[in-house]
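[1] prediction below, plus the sequence it came from.
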Protein chains: 2
Amino acid sequence: MSGRLYGVGVGPGDPELLTIKAVNVLQAVPVVAFPAPLTGESLARSIAAPHLGDDKIEIPIRMPIDRNRFPVLAVYDDAAAQLGDHLADGRDVAVLCEGDPFFYGSFLYLFARMADRFPVTVIPGVSSLTAAAAASGAPLAALDDVLAVLPATLPDDLLAARLQAVDAAAIIKVGRHLGRVRRLLDRLGLAENARFIEHATMADEMMAPLKAVNTEQAPYFSMILLHKRGAAWQ
Amino acid sequence: MSGRLYGVGVGPGDPELLTIKAVNVLQAVPVVAFPAPLTGESLARSIAAPHLGDDKIEIPIRMPIDRNRFPVLAVYDDAAAQLGDHLADGRDVAVLCEGDPFFYGSFLYLFARMADRFPVTVIPGVSSLTAAAAASGAPLAALDDVLAVLPATLPDDLLAARLQAVDAAAIIKVGRHLGRVRRLLDRLGLAENARFIEHATMADEMMAPLKAVNTEQAPYFSMILLHKRGAAWQ
C-alpha cells in the first residue's frame, strides 16, 4: 500500500488561520515537504511551525527563483521523485502550501507530476483572496457580482479588457508591476476605490488606499482589490 | 466601551474546516448570531456547533426566502438593531457565515448596516470556491490564468461574454439554473471538462463531470468549475 499525498493549505500567514483539519493532517503524517528559498526559512513552514512537532521527516523544496518568474521545473522533478520514494514505501506525505493548494499555488507542479501515481487529498485553506478582503475591511463581491482574479503579470491591454467586463477584481502577483498597474487603474478611472494590501494577516500586514501608495514595487504577497460600487454596499 | 462585531467564516461545511482563529473567537464571545430558515436548523450553526458550548446567547436570523432570491431586508434591519443592543451594552457578537464573510456572504447585509457604528473584525474562512476545487480533484487556476466567479443568475448572453474572456471559471449559485447553464456551456464548447460539485466537504458531497449530470435543478450549495486547459496541468 502506497502512502497518500496531502496538499495542505496553511492559509495566508497568520498561524491561527490554519484549519483544524490541516492541523490534524500535519500531526498524523510522518513526512512534511514545503517550498523554501535557496537559503533561509520557508514561509509555509513558519506558518505551520506551531503544529509540526519535532519528529517529522522534513523536506524543503528549495527554489532558485525570483517568485514572479517561472520556477525551475527540474526542482519539482527532483522533489516529486523524493516524495514518491516516501509514498511508495507507505509513508503519507503532506506538502505545505501558502493559502490554498489549488488557488494559484505551487502545489500544482507536484500535483501534475504525482496525481496519476499516488492517491491525493487536498485540504483547502483560507486563500489570500479572502484574507486580503478581510484585512481591507470591505467585501470582495456579493449578489450577482462578477468577480475576476487577474494576475498583474498580464499586459495592460488584456488587464484593461478584463477589468471592463467585471464588477469587482482582485489583482494578484502585484510585486514589481505595482507602478504600472496603478497607472493603468488611474487611466481607467478605477483607482479611486481600489485598496492595496500587503502581507495580509501577517505580522507586517499593511493596507492603504491605492491612491496613497507611490512605490513602483511591492512584495510578492500583495494584492489590489477593487469594486466598481466603491464603498456603497447598502 | 461598545462590543466588537465579528464576521466569522465557518468554512464550506466540514466542521474541521473552521480555522483555529474562528474557534478562539467563538469560545470568547458571549453572543452568537447566525442565518437560519424560518423553521428548523441553521447550517452555519450546525457547522460551528462543536465549538459553541452551551453558555452563549444565540440569535437566529430567520429568513423567509428562497435563497436564490433577494432576501427580505427588514429581517436584517431587525437583526442589526438586536445585535446593536448587545454591542452597545459592551458585549462582543459573532455572526456565523458559511464559507467566507466577504465572499458572496450574507454578512454583507449586517456589515452595511453596522460598520459605521461599531468596530468590526472579519475572520476569513475557507470559501466554497477552493473547497469545491479540492473536492473536484483539480486546480482552480495557476500561473497567469484569469479566473472569474460568475453567478448562474446572470442571463445567458452575459455569462457567455464573460466566459469567453477567461481561462477558468467558477459558476456559483447554480440552483435552479443548472439545466440552462449546462446547455449554455454545451453550446460554447465548454462542457467537456466542466465539473459539477454539490455540498462540497459536507456529508452528502457529490462530484460529477457536468456531462453526466442531467437534472434541471441543483441545491443552492452547488458549483460548476471549468478550466479551458482541461486536465492538462503539466
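    Thanks, I have it. Numbering: from 1, shown residues only, chains lettered A, B, ... in the order given.
[2] can I take it that residue A:58 is in a strand?
    Yes - with DSSP: H, G, I helix; E, B strand; the rest coil as the criterion, residue A:58 is located in a strand.
[3] show me where chain A has strands.
    Assigned by DSSP state E, the strands in chain A fall at A:5-9, A:31-37, A:57-63, A:93-97, A:120-123, A:147-151, A:168-172, A:195-198, A:206-209, A:222-227.
[4] turn the ones you listed into TSV, columns for distance to residue B:185.
    Every C-beta, even on glycine, is put in place using the N, C-alpha and C of the backbone. As requested, the strands of chain A are exported to TSV (distance: least, Cβ to Cβ, whole Å):
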stretch	distance to residue B:185
strand A:5-9	27
strand A:31-37	35
strand A:57-63	37
strand A:93-97	29
strand A:120-123	24
strand A:147-151	18
strand A:168-172	23
strand A:195-198	33
strand A:206-209	38
strand A:222-227	27
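[5] ok, which of those strands comes nearest residue B:201?
    Closest of those to residue B:201 is strand A:120-123, at 9.9 Å (criterion: Cβ to Cβ).
[6] can you read off the pLDDT for the residue nearest in space to the middle of chain A?
    Centroid-nearest residue in chain A, with Cα atoms, centre = their mean: residue A:99, separated by 4.5 Å. Listed pLDDT for residue A:99 reads 97.
[7] circling back to that earlier point, out of the strands of chain A, nearest to residue B:193?
    strand A:120-123 (18.0 Å).
[8] can I get that closest one as CSV, trimmed to CA atoms?
    Output of strand A:120-123 as CSV, limited to C-alpha atoms (Å, rounded to 0.1, in the frame of the first residue of the first chain):
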residue,chain,number,x,y,z
VAL,A,120,-4.0,12.7,-3.4
THR,A,121,-6.2,14.7,-1.0
VAL,A,122,-6.3,18.4,-0.9
ILE,A,123,-7.1,20.2,2.3
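[9] gap between that strand and the chain center?
    Centroid separation for strand A:120-123 versus its chain: 16 Å, with Cα atoms, centre = their mean, to the nearest Å.
[10] cool, stretch A:92-112 as well?
    10 Å.
[11] adding distance to residue B:123 and mean neighbour count, write the strands of chain A out as TSV.
    Converted to TSV, these look like this (distance: least, Cβ to Cβ, whole Å; neighbours: other Cβ atoms under 10 Å in any protein chain shown):
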stretch	distance to residue B:123	mean neighbour count
strand A:5-9	16	29
strand A:31-37	25	22
strand A:57-63	30	17
strand A:93-97	20	28
strand A:120-123	18	22
strand A:147-151	20	24
strand A:168-172	19	25
strand A:195-198	16	24
strand A:206-209	16	14
strand A:222-227	18	25
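[12] quick one: mean pLDDT for the longest helix along chain A?
    Scanning chain A for the longest helix, with DSSP state H as the assignment, gives helix A:73-88. What helix A:73-88 shows for mean pLDDT is 94.
[13] what angle do that helix and strand A:31-37 make?
    170 degrees (axes from the mean of the first three to the mean of the last three Cα atoms, to 10 degrees).
[14] please see if helix A:73-88 touches chain B.
    No - Helix A:73-88 lies out of reach of chain B by Cβ under 8 Å from any Cβ of the partner chain, never closer than 9.6 Å.
[15] also stretch A:137-152?
    Yes - counting by Cβ under 8 Å from any Cβ, contacts between stretch A:137-152 and chain B involve A:137-151.
[16] swap in stretch A:12-27?
    Yes - for stretch A:12-27 and chain B, the contact criterion (Cβ under 8 Å from any Cβ) is met by A:12, A:14, A:15, A:16, A:17, A:18, A:19, A:20, A:21, A:23, A:24.
[17] can I get the residues you listed in TSV including distance to residue B:184?
    Putting the residues of stretch A:12-27 next to chain B into TSV (distance: Cβ to Cβ, whole Å) gives the following:
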residue	distance to residue B:184
A:12	34
A:14	40
A:15	43
A:16	42
A:17	37
A:18	39
A:19	34
A:20	38
A:21	35
A:23	41
A:24	40
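[18] which of these are buried, as a PyMOL select command?
    Buried subset of those, written as a PyMOL selection, criterion 16 or more other Cβ atoms under 10 Å in any protein chain shown:
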select buried, chain A and resi 12+14+15+16+17+18+19+20+21+23
